[in-house]
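A.B. asks: return a 3D structure for these sequence lines:
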Amino acid sequence: MRPRLPSQRVSLFPENRPRVRPSSGRELATRLLVVRHGESEWNAIGRWQGQADPPLNVGGQLQAAEAALRLGTFDAIWASDLQRASLTADIIAKSIGIGPVVLDPRLRETHVGPWQGLTHDEVNADWPGFLHTHQRPDGFEPYDDAAARMIAAFLDIAEASPGGEVLVISHGGVIRAVRRMLGVNDERIPNMSGSWFDVRGATVSAGAVVHLADAAPSGRAL
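C.D. replies: Model prediction:
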């Protein structure tokens with residue numbers, strides 16, 4: 001369940017946080033399992049969420065409970081402060097006996113600007129061709145910016161649990177953005193799926209994608 005990590009690595013020192021000393025190779029590695037939340041009400045109807053705050057639906061709550069049965073123990077649990085992530089984390093924390101859940105807004109989904117709340121059909125009507133050519137409108141948070149704030153959070157999580165294993169409940173779009181920044185395979189992240197990351201000093205590595213619930217991707221929107 002806890003696969004070894006590949007060797008793709010990147011060192012980042014985000015401008016908005018204190019610098020971490022360069023890695024000497026002797027720091028303890030902290031492993032993060034960063035998982036997308038359970039299905040939300042907007043996932044189920046295919047609306048772009050971004051940093052809007054729709055709740056989990058009943059199916060999403062059941063997915064979180066199912067995932068908890070597949071998880072071992074962790075030293076800590078962190079989550080985005082958006083309720084679809086924080087409730088997922090609460091359900092898992094109570095089931096596996098860890099907590100309290102630490103909320104961090106840097107773990108939020110990518111802000112999707114004017115697409116927030118729209119379906120794919122509505123986006124295609126008002127921005128024809130954008131989705132097909134992977135364009136994004138003004139006001140859509142750049143993916144590299146979203147990845148940088150996530151990695152800044154990863155570094156702080158690792159400092160709080162040196163040498164430990166931490167469960168992080170976040171969002172599919174930003175998990176993919178981090179994996180792209182780290183140069184690993186970009187694949188879809190269904191609800192209650194995620195990726196391992198290894199943090200050693202100021203260096204972050206991306207590991208394997210894992211699936212914690214038997215669920216197909218629900219919608220294509222962030």
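
A.B. asks: could you list the low-confidence segments of this protein?
C.D. replies: Confidence mapping of the chain against pLDDT under 70 gives the ranges 1-26, 215-221.

A.B. asks: quick check: longest helix in it by residues?
C.D. replies: If each helix of the chain is counted by residues according to DSSP state H, the longest one is helix 143-160.

A.B. asks: quick one: list the elements packing against that helix.
C.D. replies: With contacts taken as 3 or more Cβ pairs under 8 Å, 6 or more residues apart in numbering; DSSP states H and E, helix 143-160 sits against strand 30-36, strand 76-79, strand 165-170, helix 172-181, strand 193-200, strand 203-211. The way it works is simple: take the backbone N, C-alpha and C, and place the C-beta from them, glycine included.

A.B. asks: contacts for that helix?
C.D. replies: With Cβ atoms under 8 Å, 6 or more residues apart in numbering as the test, helix 143-160 has contacts from 12, 14, 16-17, 20, 30, 32, 34, 76, 78, 102, 104, 106-107, 110-111, 166, 168, 170, 173-175, 177-178, 180-181, 197, 199, 202, 204.

A.B. asks: what's the helix or strand for residue 49?
C.D. replies: Following DSSP states H and E, there is no helix or strand that holds residue 49.

A.B. asks: residue contacts, it?
C.D. replies: 40, 42, 43, 84, 109, 112, 116, 221, 222.

A.B. asks: so who does the fifth one touch?
C.D. replies: Under the criterion of Cβ under 8 Å, 6+ apart, the contact partners of residue 109 comprise 49, 50, 51, 80, 82, 170, 171, 172, 173, 174, 222.

A.B. asks: what of the first one?
C.D. replies: Applying Cβ under 8 Å, 6+ apart, one finds that residue 40 lies in contact with 49, 54, 55, 56, 57, 60, 84.

A.B. asks: can you tell me the closest non-neighbouring residue to the fifth one?
C.D. replies: Looking back up the chat, that one is residue 57. Computed as Cβ to Cβ, 6 or more residues apart in numbering, the closest residue to residue 57 that is not its neighbour in sequence is residue 41, at 4.9 Å.

A.B. asks: show me what contacts that neighbour?
C.D. replies: When contacts are counted by Cβ under 8 Å, 6+ apart, residue 41 touches 54, 55, 56, 57.

A.B. asks: select only the buried ones of those residues in ChimeraX?
C.D. replies: The following ChimeraX line selects those of the contacts of residue 41 that are buried, judged by 16 or more other Cβ atoms under 10 Å:
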select :54,56,57
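
A.B. asks: closest to residue 124 among the contacts of residue 41?
C.D. replies: When the contacts of residue 41 are ranked by distance to residue 124 (Cβ to Cβ), residue 54 comes first, at 21.4 Å.

A.B. asks: once you drop chain neighbours, what's closest to the closest one?
C.D. replies: That would be residue 42: by Cβ to Cβ, 6+ apart, it lies 4.3 Å from residue 54.
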